[in-house]
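# generate a structure from the sequence data that follows.
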Amino acid sequence: MEMEGPQRGVCEEADRPGDEGTDGQENSPSDTPSTMPADPPVVRRSKPLSINNNRFKGEESQTTSVPSIPNPFPELCSPSHSPILIGSPMGNGTSPASGTHVVKVFGEDGRSRSLWVPAGATARDVCHLLVQRAHCADQENWALIELHPSLGLERCLEDHETVVEVQATWPLEGDSKLLFRKNFAKYEFFKKPMLFFPEDMISDCADVNKGMTSSELIQNLLNSGSCPEIQGHLQIKEPGRKAWKRVCFFLRKSGFYCSTKGSSKEPRHLQYVADLEELNIYSVIGGRKLYSASTDYTFCIKPCRNRTRSQDMKLLCANSEQTRTCWTTAFRLFKYGQQLQYNFQQSVSTRSQESTLHHSAKRCVSEASLVAMDFSGKAGGRVIENAREAQSAEREEGQAWRKKTSLRYSLPNSCPSSRSALIHRAQPWFHGGLSRREAQGLIEEQGLVDGMFLIRESQQHAKCFVLSLCYKLKTKHYLIIPCEEDGRKYYTMDDGVTLFIDLLQLVEFHQINRGILPVCLKHHCVRVAL
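Numbering: from 1, shown residues only. Below you'll find the model as predicted:
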């Protein structure tokens, strides 16, 4: 039997009580066609309801009215191992401003920090931004280190280099990264040029050398943003082989050359190696293990515009740290010239401004309202009008707390042993149970500058400490021994001739007095967590 009316669905049909017969009336013989109703009952069926689009528009308007939540993990939005992050903190996959990039920088503790920087941001700009974010005590002597762990390469970015352009030369699937740490030796060659340029490595072929000593020549060239011609023997790794070959090289402003016949400088014996403008120079970490180098003083030159590949590298090996430092410094000077001189002057200017601000911040009142007074006389205090006498009184007042400390230790209820055993642990120059090799590596990383130091626990002598000090590009280690005198504990480095109450007093003494050390303590190695 056909049903009339529109189709509405099948759910309502089973719920209607009059659709089917009851008490067997449907099969009764009395139900004949003559007795059947003329008009069959109309069955209403459900129709598919059309969904109104306005409902979703209303929900969309409500959703878009809610402010977007910044993405706390922008690095998850970028390809894996990508040095430049593409994800947006607004969650829409685009940078907040045109020409803005996210740069990921690692600290020495292994943790990283992501920063939004303009496309033209230099290494100096990024360092200043990280100093503010990490709340560092000073702004200078910080550097960005370009690190390639798989290749064992690292170099310090120059202050004027653009960070985004440097990262553009990295391999897409590599492990290259930027490291934020101290580097005190970045411009040290401007202060002590003879330490970086030995006389035996300076070529005497130029006419400018006549009638001029080596120190005068180097100083004049550095002041003009140039560098003397460098010559010397280096070992170079032959491509495709583990063997190293000893060759005489020459570094000039026109390029990098090697001699095909001993140490000959004749033009017909000089072979052109590379153009300095197209090269970057790296220090090699673990050269003995990675490249079978004969010494630990390995460095590398590679094209700066090509991606970092082992096929493009030229590995060189020197016989000492001074020789390697001379070559790497000369490369920088020949390539950048007066730009390095400008970077150095800018660094000095910033450091002087920082010291002036720090000095003024320590004084909460105007210096015009302060006068130096002397209360040693019986007639009362007097104003010190002599400037030198006032400075001397200021120094004596600054050291007066040491006398008070000694007096406090002489009291019967004092406990100097507990204080001296813990006071050094809160100092930035104390590095705990650092090994000898790790201490040397940390000093080399932060710059082989005279006076660079750290104190660590001795691994061979119980209850003793070691002072690791850099002098003339070498690291020396001095044992600090605890001793007792009149029931009190002291520390000494010269068999009891000079005694110190604690390690803090030992460090402060050697910052103004050499004692048995070859140089006063100047810079302490420090590690910062981002």
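
# wait, R324 touches Y297, no?
Yes. Contact criterion CB atoms under 8 Å: R324 and Y297 qualify, at 4.3 Å. C-beta coordinates here come from the backbone N, C-alpha and C atoms, glycine included.

# what is in contact with those two at once?
A318 (CB atoms under 8 Å, 6 or more residues apart in numbering).

# what are the buried residues along the top strand by length along the chain?
Taking DSSP state E as the criterion, the chain has its longest strand at strand 474-485. The neighbour-count check on strand 474-485 (16 or more other CB atoms under 10 Å) flags T475, Y478, I480, I481, P482 as buried.

# show the pLDDT at the fourth one.
Each residue has a pLDDT score; the one for I481 is 94.

# please name the residues that touch it.
H461, C464, Y491, T492, M493.

# one more pass at 7 Å, please.
C464, T492 (CB atoms under 7 Å, 6 or more residues apart in numbering).

# looking at the sheet around it, what are its partners?
T492 (DSSP bridges).

# tell me how far it lies from G515.
14 Å (CB to CB, to the nearest Å).

# now the nearest residue to S320 once chain neighbours are set aside: how far from Q235?
Counting by CB to CB, 6 or more residues apart in numbering, Y297 is the residue found nearest to S320 once chain neighbours are left out, at 6.2 Å. Between Y297 and Q235 the computed distance is 10 Å (CB to CB).

# any residues in contact with both of the two?
In contact with both Y297 and Q235: C317, using CB under 7 Å, 6+ apart.

# between these two, point out the one with more neighbours.
When neighbours are counted by other CB atoms under 10 Å, Y297 comes out ahead of the other of Y297 and Q235, with 21 against 18.

# next, find the distance separating the more buried one from A123.
Counting by CB to CB, the separation of Y297 from A123 is 25 Å.

# same question, T498
43 Å.

# who's more crowded, these two?
Neighbours were counted for T498 and for A123 using other CB under 10 Å; A123 has more, 23 against 16.

# can I assume that one is in contact with D159?
Yes. With contact defined as CB atoms under 7 Å, A123 counts as touching D159 (5.7 Å).

# rewinding a little: turn the buried residues of strand 474-485 into a markdown table, including distance to R388.
Output for those, formatted as a markdown table (distance: CB to CB, whole Å):
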| residue | distance to R388 |
| --- | --- |
| T475 | 39 |
| Y478 | 35 |
| I480 | 36 |
| I481 | 39 |
| P482 | 40 |
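
# and of those, the nearest to Y272?
Lowest distance from Y272 to the buried residues of strand 474-485 (CB to CB) belongs to T475, with 37.5 Å.

# who does that closest one bridge with?
Beta-bridge pairing for T475 (DSSP bridges): C470.

# contacting residues around it?
Applying CB under 7 Å, 6+ apart to T475 gives the contacts Q440, I443, S468.

# so can I have CSV of these showing secondary structure?
Shown next, in CSV, are the contacts of T475 (DSSP: H, G, I helix; E, B strand; the rest coil):
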residue, secondary structure
Q440, helix
I443, helix
S468, strand
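
# out of the residues you listed, which are buried?
Here, 16+ other CB under 10 Å leaves Q440, I443, S468 buried among the contacts of T475.

# partner residues bridging L316?
Under the criterion used (DSSP bridges), L316 bridges to I236, F299.

# that one and I236 touch, don't they?
Yes. Between L316 and I236 there is a contact under CB under 7 Å: 5.6 Å.

# for the two, indicate the residue with more neighbours.
Legend: neighbour count by other CB under 10 Å for L316 and I236, higher for L316 (23 against 16).

# gap between Y478 and V519?
Where V519 is concerned, Y478 sits at a distance of 12 Å (CB to CB).

# for L290, give me its contacts.
Going by CB under 7 Å, 6+ apart, L290 touches G152.

# what's the helix or strand for it?
Secondary structure from DSSP states H and E places L290 in helix 287-291.
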